[in-house]
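**Q** need coordinates for the below:
(2 chains)
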Amino acid sequence: MSAPLTSLDRPNSYIGRSVPRPNAKRLLAGRGRYVSDLRLPRMLHAAFLRSPHAHAKILSINTDEARALEGVHLVATGADLAKICTPWTGTLDHFKGMTSAPQLPLPLDRVVWAGQAVVAVVAENRAIAEDALELIEVDYEDLPIVVDIDGAREAGSPPVNPGSASNVCFRSQLDNGTVDDAFAHAAHVVEEEFSFGRHTAVTLEPRAIVADYDPAAGMLTVHHGTQTPYQFQDLYSRHYGIPEARVRVIATDIGGSFGMKLHVYHEDMAVVGLSILLGRPVKYVADRIESFVSDIHARDHRVRARMALDAKGEILAMDVLDLTAIGAFSTYPRTSVVEGNQVIRLIGAPYRFRNYRATLEVIFQNKVQTSQYRAVGHPIACAVTERLVDMAASKLGLDPFAIRAQNVIADDAYPQTSPTGYRFEALSHQACLNRLHELMNYEGLRAEQVDLRKRGVYRGIGIATFVEITNPSPAFYGVGGARISSQDGAIVSLTPSGEVRCLISVTEQGQGTEAIISQIVADQLGLAQEHVKVITGDTEVTPHGGATWACRGAGIGGETALQATRALKRNILEIAALILQEQPSALDIIDGDVVDAGTRNQRMPIAEIARIAYFRSDTLPPGTQAQLTVSHHFAPQGYPFAFTNGIQGCSLEVDVDTGLIKLLKHFIVEDCGRVINPMLVDEQLRGGIVQGLGAALFEECRYSETGQLMNGSLADYLVPMPMEMPDIVIAHVETPTADTELGAKGVGEAGTAAASACVLNAVNDALAPLGATINSIPITPAKVLKALKRF
Amino acid sequence: MVTNLASRLVSRWDLEETAVKAKAFSYFRAATIDQALDAHARAGDDARFIAGGQSLVPALSLRLQAPRLLIDITHIGELRGVGREGGYLRIGALTRHCEMLSEPLIAEFAPLLHAAAPFVAHPAIRNRGTFGGSVALADPASEFPAMTLALDAEIEIAGPSGCRRVKADDFFIDLFETALQPGELITAVYVPLFKADQRFAFDELARRRGDYALVGCGMLGTFTGEHIDDIRISFFSVGNTPTRVRGAERALIGARLDAERIAAAQGALEGDLAPPESDEVPPAMRLHLARVLLGRLLGRLGEGA
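**A** This next block holds a predicted model:
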């Protein structure tokens, strides 16, 4: 299970050590460099007039008064930008048969959701731009709208895209052909319909962009709060016809992202066009309401699922229908069907059964797009599976731990292929289950629950196992034709003073990417972490790569840094060997000094090697060319994904008179392979869990029947806050992947993947003695009281 | 697009009016009440008084309100201070929410307000928001306006035609509509001093601490032993205005506080309250929650609260 002992395991290794993030102090001191704060000389500001209708024809747009307002530099409509920007379509080739209408920065003749940007104004400042918006007149003619999943699927339902036969974006089915037979012979069947509301990312810093086109140089520079600068470099280049080498995307500090900031947004594309039209820098920062109506939303599923079991509680089969509504377009360039695709592929993933059938239907509607957000598809798959497992346990009189222990794939049975075709290298469900049982004092919690029920206090205990997809290979996007890299690149240099600079393509969004990269470089080269400078997020400086999303920063970016650094170390030791007249293999580097590999006696500082190589190369043997800068690329090979696993548990209390739920404690046992920085891993898990708890109890984008978002403010859209969050207890099991030297897998989604499932199971556990069940997320007081028939 | 926040502030709002930067306005800092009133009159009443700004500034940024003139009243000394005046505690309009928590006179003589204060929003908002501003806005989901009803407080108003005092019972008229006339200003709130034979209780049901409550309630009862001589019960987040529940009060006054009376008071709520339609909290649910909360608070009152 463990990787062979390597330098990674030596006692003073930076790998596995909780060291602080080098950038934390800078950010806490208010020295962050966010796009929102950026001011460039001659910079103008954009604002957007938005559609108040969920679906309408644009009859006319009158911008005369707005153009005449003092301080306004440009008023642009869809037609103006369509002249310089080519349309995009949010489909990928490997999703057979999927459709989505072409999109432009601003619409030409039709709006398809309430909040869609329609006209752009660029002015001296944002206030003037907004004054000008009030002077624009748009005549609309209402068109029929579809809002909910059922309405969109009905025969004769008005099409979101006129001319389409239906509102179906994509259909997919997995079927190994044995499901009907398995259900026919099952001793027990449990079945339920689940619903999962829409929610959204609510980043601390909203989307922000400054586009700066220099017509003299033919050069576009975009300062962009994004996770994926290289993807946007490619897109801006292709859609605006600017050579790639003349497009620079700079993504420095970013106030939260969570997947939300890796999609193409109409306003962002428009701002690039506005800067090209004006030849001046143009800035746009979404305000909070604009974020709610134009950032991608997530989830929005209705899942009908059943599970067949034999008389002893062995899971035999699952049969699933996932209906998911994604708004009016599929997002670009990653599409809006990845979530549903992952739902049907992750359902049942921890378990041994083989008979599986799942149908996915992805549906258009007149709302803002949904797309990839933290833990894409995982919380849905986990909640459906784990709730059915609990329902089965209750039906068979089995304990939730017992039925899982009976059905998970055994830790010694790997490699395994899931019924949906995922290949698992090595997971640790049994170890995690055992560890959680002890960690949460399960027997104690159960005893306490029984006692409290006698006094009318309804506590619930829930657990949920999960499998997480990390380290994606080109199988994820590349095969579908998306120009989204699955490899990463690093350039590692020894500076003349003997320090190390690492330019790397993975990006930092606050999770500590730069910290772990500096740990890996310091560890592999053999010097103190403070002597390593990591630079990320500038396409003109850092090598091309996938950047940070889908849990790939540590697993892929980390391996890239490791291999690059090993190559640099070899080069340093070659020069050291020449100077010291030794064999390179007889030397090593420890704490910034070249040492004898055997005795560890200090020979010379690497700073001295740098000095000689850079300034006194005349003293080296003739023909020596010191290579103290190394570039290296790494693409994952072997398994198409590095799957991780874990289990969460929680204890909560339901006030059965008010429907309010108090979260008492949350637990997670997680296996992300090799842990590089335990503190950062734990904080990722906590943050992820809190996002999952938000989805479980609070977060929902609520729409009216006319497609209007009803709660687009932070007073009305409830994000999880500290007072409601429980303590989170964390434990680890480490099963490194053998596909890389580092052995690290991702951890970013793990917390979010199972937290809501865990709460759903715990609430149902609490309500069980009252005969009430809930299978809808978020679990609001109204749903609890309805289930209890209290009103 | 309509948000609950917006609907609290204006009756009509849609995306065509959405903005993030306020429209240009003039600013005047008044040193005295007279200066403030005069400035308002000279602006043809196209003006707003600003104190803590915790509701007004978001409304300006969203362009839900766009007055020509903002009159800053935070430097008017006459609006400050908490002190006893006869049988009343005079609470200056500029008293900040955080001072409602920290001021010993309020804890001693208006303990219901002291008990409600920690439920008002979050610390950052409590540091700026003012008591008078909260009462003037009369948000039906706010704690303090409803508590002035439970306390039988009187609101002191300065206006072009002089100074007057209005009973809380006569102050709240409809959604964001009060006895305040254009150009008038709340100067202080007078709260009858808390007495030894009185008991109070306050609580609210909210999904998150600091949120607008699903239902909230405060009450002040005068007791002889376990016998209720008088009681005033006020709810918030139940309709267009803070609401006294007179039917429930009647069910309790003159009786001994016991389980049967509590049930009678809970039963009377159906006649006292008519919660509005809401996609998130249907009227029947809000009424149910009001009953639960009333039962719990009366239970605490029975224990001496």
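**Q** what ranges do the helices span in the stretch 201-305 of chain B?
**A** B:246-252, B:259-272, B:283-302 (DSSP state H, counting those that start in this stretch).
**Q** any idea which of these gets closest to residue A:74?
**A** Of all the helices of the stretch 201-305 of chain B, helix B:283-302 sits nearest to residue A:74, with 49.2 Å by C-beta to C-beta. Where you see a C-beta, it was placed from the backbone N, CA and C, and this is true even at glycine.
**Q** is the closest one in proximity to chain A?
**A** Yes: residues of helix B:283-302 contacting chain A under C-beta under 8 Å from any C-beta of the partner chain: B:284, B:285, B:287, B:288, B:289, B:292.
**Q** how far does that helix sit from its chain's centre?
**A** In terms of C-alpha atoms, centre = their mean, to the nearest Å, the centre of helix B:283-302 is set 19 Å apart from its chain centre.
**Q** tilt between it and helix B:259-272?
**A** Counting by axes from the mean of the first three to the mean of the last three C-alpha atoms, to 10 degrees, helix B:283-302 lies at 140 degrees to helix B:259-272.
**Q** just checking, what packs against helix B:283-302?
**A** Of the remaining helices and strands, those touching helix B:283-302 by 3 or more C-beta pairs under 8 Å, 6 or more residues apart in numbering or on different chains; DSSP states H and E are helix A:781-787, strand B:198-205, strand B:215-224, helix B:259-272.
**Q** if we use 10 Å, what do you get?
**A** Applying 3 or more C-beta pairs under 10 Å, 6 or more residues apart in numbering or on different chains; DSSP states H and E, we find helix B:283-302 packed against helix A:781-787, strand B:198-205, strand B:215-224, strand B:227-236, helix B:246-252, helix B:259-272.
**Q** residues touching residue A:636, list them.
**A** A:470-475, A:486-488, A:546, A:552, A:555-556, A:559, A:642, A:737, A:739-740 (C-beta atoms under 10 Å, 6 or more residues apart in numbering or on different chains).
**Q** tell me which element it is part of?
**A** Using DSSP states H and E, residue A:636 sits within no helix or strand.
**Q** OK, contacts around the nearest residue to it once chain neighbours are set aside?
**A** Spatial nearest neighbour of residue A:636, chain neighbours left out: residue A:473 (4.8 Å); criterion: C-beta to C-beta, 6 or more residues apart in numbering or on different chains. Contacts of residue A:473 were listed using C-beta under 10 Å, 6+ apart, and they are A:479, A:486-487, A:552, A:556, A:635-642, A:739.
**Q** nearest to chain B, of the residues you listed?
**A** Chain B lies nearest to residue A:552 out of the contacts of residue A:473, by C-beta to the nearest C-beta, at 33.7 Å.
**Q** returning to that earlier point: pLDDT value on the residue nearest to residue A:636, please?
**A** Residue A:473 is assigned 86 on the pLDDT scale.
**Q** and it, how far from residue A:745?
**A** Noted for residue A:473: a distance of 13 Å to residue A:745, by C-beta to C-beta, to the nearest Å.
**Q** likewise residue B:120?
**A** Counting by C-beta to C-beta - residue B:120 and residue A:745 are separated by 46 Å.
**Q** ok, residue B:236 next?
**A** To residue A:745, residue B:236 is 51 Å away according to C-beta to C-beta.
**Q** okay, these two: which has more neighbours?
**A** Remark: of residue B:236 and residue A:745, residue A:745 carries more neighbours, 31 against 26, as counted by other C-beta atoms under 10 Å in any protein chain shown.
**Q** run through the residues that contact that one.
**A** Residue A:745 makes contact with A:425, A:468-471, A:551-552, A:554-555, A:641-645, A:671-675, A:734-737, A:739 under the criterion C-beta under 10 Å, 6+ apart.
**Q** also residue B:181?
**A** By C-beta under 10 Å, 6+ apart, the contact set of residue B:181 is B:45, B:157, B:159, B:160, B:161.
**Q** hmm, 8 Å instead?
**A** By C-beta atoms under 8 Å, 6 or more residues apart in numbering or on different chains, the residues touching residue B:181 are residue B:159.
**Q** break chain A down into its structural domains.
**A** A:7-31+A:487-634, A:35-143+A:202-294, A:297-467+A:642-787 (automatic domain parsing).
**Q** can you give me the helices for the stretch 151-300 of chain A?
**A** Under DSSP H, counting those that start in this stretch, the stretch 151-300 of chain A gives helices at A:179-184, A:229-240, A:266-278, A:288-294.
**Q** over to the stretch 1-150 of chain A?
**A** Using DSSP H, counting those that start in this stretch, helices in the stretch 1-150 of chain A cover A:24-28, A:64-68, A:78-82, A:126-133, A:149-153.
**Q** got the residues of helix B:283-302 next to chain A as TSV, with pLDDT and neighbour count columns?
**A** As requested, the residues of helix B:283-302 next to chain A are arranged in TSV below (pLDDT from 0 to 100; neighbours: other C-beta atoms under 10 Å in any protein chain shown):
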residue	pLDDT	neighbour count
B:284	97	13
B:285	98	22
B:287	98	21
B:288	98	22
B:289	98	29
B:292	98	19
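**Q** residues touching the residue nearest to residue A:255 when sequence neighbours are not counted, list them.
**A** Closest residue to residue A:255 apart from its sequence neighbours, by C-beta to C-beta, 6+ apart: residue A:205 at 2.4 Å. Going by C-beta under 8 Å, 6+ apart, residue A:205 touches A:34, A:35, A:36, A:225, A:254, A:255, A:256.
**Q** the closest residue in space to residue A:499 that isn't next to it in sequence and chain B, how far apart?
**A** Distances taken as C-beta to C-beta, 6+ apart place residue A:531 nearest to residue A:499, at 4.4 Å, with adjacent residues excluded. As for residue A:531, its distance to chain B is 40 Å (criterion: C-beta to the nearest C-beta, to the nearest Å).
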